[in-house]
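*Asks:* Below is the structure, and that's it, no one-letter string:
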Ligand SMILES: Nc1ncnc2c1ncn2[C@@H]1O[C@H](COP(=O)(O)OP(=O)(O)OP(=O)(O)O)[C@@H](O)[C@H]1O
Ligand SMILES: Nc1ccn([C@@H]2O[C@H](COP(=O)(O)O)[C@@H](O)[C@H]2O)c(=O)n1
């Protein structure tokens, strides 16, 4: 996952390949709660690992369920009729699928609970659910604003006697989660009598209720319904664990890759995007996004657990669609509309206004930043793409702590104007798809020369590695420590018994070409040996300097260094990054510091690692190394013609990093809006 302040997506050319999607959020959190209410142990396979499931798991532990996690498999032993542990303060983050059903379930289980969330959760309505529970006789207080979390369930003396003879009335036109919450909680009270729930107003997002009913059935609860307006929980209902449950992949998450298949082709001749984990027979309502994508031109085929999507009509066809049945996935249509001919209208999406953010306003604002025309109404959005290629704008997309805004706007990186797109706060995807961008990059195609590279070259101990690693971390870019390649080659040569000299040049070069080197978790591996420490000594640096003067060795290491230029970008440090390896890089920095300063820094560095050091010897060594690096015939150390020189003798590390980042921002088309 990218924890950076923003993630810049370079203009992407195409996409092809296979993606495995994470588990469905809606199914994951429903299954967790149903398992918690059941008798027996449920093994949940392929559970989504995300912020929203995390808060649910934590809450279930707090109320006394036994929860064992092993990767994506979670084993839950439910309460099975026992009282939950109370009092408890439960933090629900911004997870509506946890807040609403848990409120209802805890109200019917008895005990004293406070449920709260992030500030946005405290703006998301829950009043209709609370009103329905109060109708029953439940004692629930608002701790902030009426109608919104945080709230308190005050059943210290146990569950009060409930008024179950009359149907419970609940609104269905604000959020279907209120009805889901009641349907999952009421079986706890349906031991001796049937309980009816009546929906007031039109039931929105009906497919989510269908998921609830299907999952309830798996946990032994039969719910009858008349025309989706009246639901009856049959007397004698009792939660019983089914033993094990598999969570299917998230159909809403599939929408981004369905869209990707619809709007891209592949330069390599590979055909389309294959999505694994969810198929045309999915129980999730958002699978009907496939119909909408087909209407826009996508060619979608599929089987029980997979989908295959290819571009059909191009440009895409504009649509006018009632999206009530696919509220979450419909956001993706708003971005697909950027690639359509004409105006796309998405209707009946009032629920967008009370989601993670006001999604209608958010989508309209961000689409406009890209150059589109977006008109918003109380329950619709109308999108007209930029009139001409030249009307597209490079935008910094604000994501409103809304995972879906972040994910669907990544699709704007395929714009015909070939402009980059900045996604602010990319980690918000953690709500449902923590590795979304990694999945996107695994199928996205871009000509390598278009992947941005920042080169930081300079003499020994000038701070290149430190600054480059920090810049890479701030941008979410990959990091290439090219010096390590020479250090490892020298080590491998010596271990193979080769002296580092011209006589052994060819053999060392052959060795370098097939170096079994891996950089993993901050460690450097040569085959199965951890050489992290061994290559950091001054002697190893000197050997590297000798080996790096052999032209054949330099040539042998070129491909390996180029292989680091991958999405979303690269920061490379060394001696010839800007002059030889990445001559087209858009930013080249030559980082220097005076010799005394560098010797002192290296001295402190070695001492702190427990290596013996003498500052005068160090200075002599680094000057010798610089002299050899500067005077060698191939790829000598020198600033590239277009490099910016930064003497950081009097700068702190952070100041040097900021300087490089500032230079980088100045080269970005959306620099100004990134300051918001
Ligand atoms: N601006 C700075 N102020 C103080 N210390 C710094 C600064 N920049 C780097 N250092 C420190 O100097 C030491 C050497 O830095 P670093 O290893 O990044 O240099 P380098 O140029 O990559 O060296 P080499 O060429 O040998 O790989 C490190 O301990 C680092 O923390
Ligand atoms: N691009 C590069 C990087 C390094 N070298 C040589 O390797 C030696 C070790 O590099 P460090 O950055 O890890 O100290 C260095 O002294 C150079 O001789 C190189 O030639 N080209």
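*Replies:* Received, thanks. Bear in mind the structure is a predicted one, so any value in this text is a computation, not a measurement. Ligands and ions are numbered 1, 2, ... in the order given.

*Asks:* CA atoms for contacts and neighbours, from now on please.
*Replies:* Fine.

*Asks:* tell me the pLDDT at the residue with the largest distance to the centre of the chain?
*Replies:* Ranked by distance from the centre of the chain (C-alpha atoms, centre = their mean), the top residue is residue 503, with 50.8 Å. As predicted, residue 503 sits at a pLDDT of 96.

*Asks:* just residue 668 next, same as before
*Replies:* Looking at residue 668, its pLDDT stands at 95.

*Asks:* Measure how buried it is and give me the count.
*Replies:* 14 (other C-alpha atoms under 10 Å).

*Asks:* and it, how far is that from residue 10?
*Replies:* 11 Å (C-alpha to C-alpha, to the nearest Å).

*Asks:* which residues sit against stretch 184-202?
*Replies:* For stretch 184-202, contacts defined as C-alpha atoms under 8 Å, 6 or more residues apart in numbering pick out 34, 101, 104-105, 108-109, 164-173, 179, 212, 216, 221, 228-239.

*Asks:* so residue 526 bridges to which residues?
*Replies:* Beta-bridge partners recorded for residue 526 (DSSP bridges): residue 517, residue 529.

*Asks:* show me what contacts it?
*Replies:* 488, 515, 516, 517, 518 are the contacts of residue 526 under C-alpha under 8 Å, 6+ apart.

*Asks:* for these, which one is nearest ligand 1?
*Replies:* Distance to ligand 1, by C-alpha to the nearest ligand atom, is smallest for residue 488 among these, at 12.7 Å.

*Asks:* Now do the SS call for the residue nearest to the closest one when sequence neighbours are not counted.
*Replies:* Computed as C-alpha to C-alpha, 6 or more residues apart in numbering, the closest residue to residue 488 that is not its neighbour in sequence is residue 535, at 6.4 Å. Following DSSP: H, G, I helix; E, B strand; the rest coil, the label given to residue 535 is helix.

*Asks:* Touching, residue 535 and residue 494? I think so.
*Replies:* No: taking C-alpha atoms under 8 Å as the definition, residue 535 is not a contact partner of residue 494, at 12.0 Å.

*Asks:* what secondary structure does residue 419 sit in?
*Replies:* coil.

*Asks:* That one: neighbour count?
*Replies:* 21.

*Asks:* So which residues on this structure come close to ligand 1?
*Replies:* Counting by C-alpha under 6 Å from any ligand atom, the chain comes close to ligand 1 at 459-466, 601-602, 605, 648, 651-653.

*Asks:* which ones are touching the residue nearest the centre of the chain?
*Replies:* The residue lying closest to the centre of the chain (C-alpha atoms, centre = their mean) is residue 434, at 3.5 Å. By C-alpha under 8 Å, 6+ apart, the contact list for residue 434 reads 1, 49, 50, 427.

*Asks:* please redo it, this time with the cut-off set to 7 Å
*Replies:* Under the criterion of C-alpha atoms under 7 Å, 6 or more residues apart in numbering, the neighbours of residue 434 are 1, 50.

*Asks:* Work out for me the element it sits within.
*Replies:* Residue 434 belongs to no helix or strand when elements are defined using DSSP states H and E.

*Asks:* Begin at 15, not 1, for the rest of this chat.
*Replies:* Right, with 15 as the first residue, what we last looked at is residue 448.

*Asks:* what ranges do the helices span in the stretch 515-664 of the chain?
*Replies:* 519-527, 552-562, 565-570, 572-576, 609-622, 629-645 (DSSP state H, counting those that start in this stretch).

*Asks:* Is ligand 2 within reach of the first one?
*Replies:* Read that as helix 519-527. No: Helix 519-527 lies out of reach of ligand 2 by C-alpha under 6 Å from any ligand atom, never closer than 13.3 Å.

*Asks:* helices and strands around that helix, which ones?
*Replies:* Using 3 or more C-alpha pairs under 7 Å, 6 or more residues apart in numbering; DSSP states H and E as the contact test, the elements touching helix 519-527 are helix 565-570.
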